[in-house]
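1. Requesting a structural model of the entry that follows:
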Amino acid sequence: MSDLASLRAQRRDLYQFIVRRTRDPAAAEDLVQETFERLLAYEQAKTIVDRAALGYRIALNLVRDHFRRASRRPAQALNDDIPCQAPAPEQILMHRQKVEVFGKALDAMPPLRRDVFIRRRLHGHSPRQIAEDLSLSEAAIEKHVARALEQLHREIARAERRVGGGRR
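-> Got it, this is the predicted structure:
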């Protein structure tokens, strides 16, 4: 095998040797290049009996140096500007208060209006199905839903004014 062909084969073998240890193809490329630089520099200064063995020894030392340098890098401080995906505690509290107001407003509704609203808006039943179940017209169903929504909006607005007024 020619000298160039043996270098190519050794390069491929060294690359695989290094990539198995670093699990980083880009770092392996750099370390293979540095291995050959050192190997050629050493060949110019001294005669080498086994180039492949020396190449592997240089590569192994470079891999160790690579991990030593990586472990010495200072840890980056966390950036306070990165927003958290979870809702803020104030948002959670406001949501809980709205749910509480919503529940109280539902409890305050007349039973028929509450039943129609829950069937239509929360369970997704059609006006026709609700009308048949309750022996009402579809128009009456729509009126009950509209009045329930108005009452809910009023109660939520009233609760928001109370919370806003208490902070001033």
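2. count of residues packed around A159?
-> A count of nearby residues for A159, using other Cβ atoms under 10 Å, gives 17. (Glycine included, C-beta is placed from N, CA and C.)
3. and what of R128?
-> Neighbours of R128 (other Cβ under 10 Å): 10.
4. my read: it touches E138, true?
-> Yes: assessed by Cβ atoms under 8 Å, R128 is found in contact with E138 at 6.0 Å.
5. what helix or strand is the most centrally placed residue in the chain on?
-> The structure's the chain has its C-alpha centroid closest to Q85; by Cα atoms, centre = their mean the separation is 8.6 Å. Q85 is part of no helix or strand, with elements assigned from DSSP states H and E.
6. tell me the phi and psi of it?
-> phi -80, psi -20 (degrees, to the nearest 10).
7. Same question for H123.
-> phi -100, psi -10.
8. Do you know the pLDDT at it?
-> At H123, the pLDDT value in this model is 92.
9. same deal with R51?
-> The per-residue pLDDT reported for R51 equals 81.
10. so what are the domain limits for this structure?
-> Domain segmentation of the chain under automatic domain parsing yields 3-72, 89-167.
11. Export those as JSON lines, with columns for distance to D81.
-> Rendered in JSON lines, the data for the domains of the chain read as follows (distance: least, Cβ to Cβ, whole Å):
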{"stretch": "domain 3-72", "distance to D81": "26"}
{"stretch": "domain 89-167", "distance to D81": "19"}
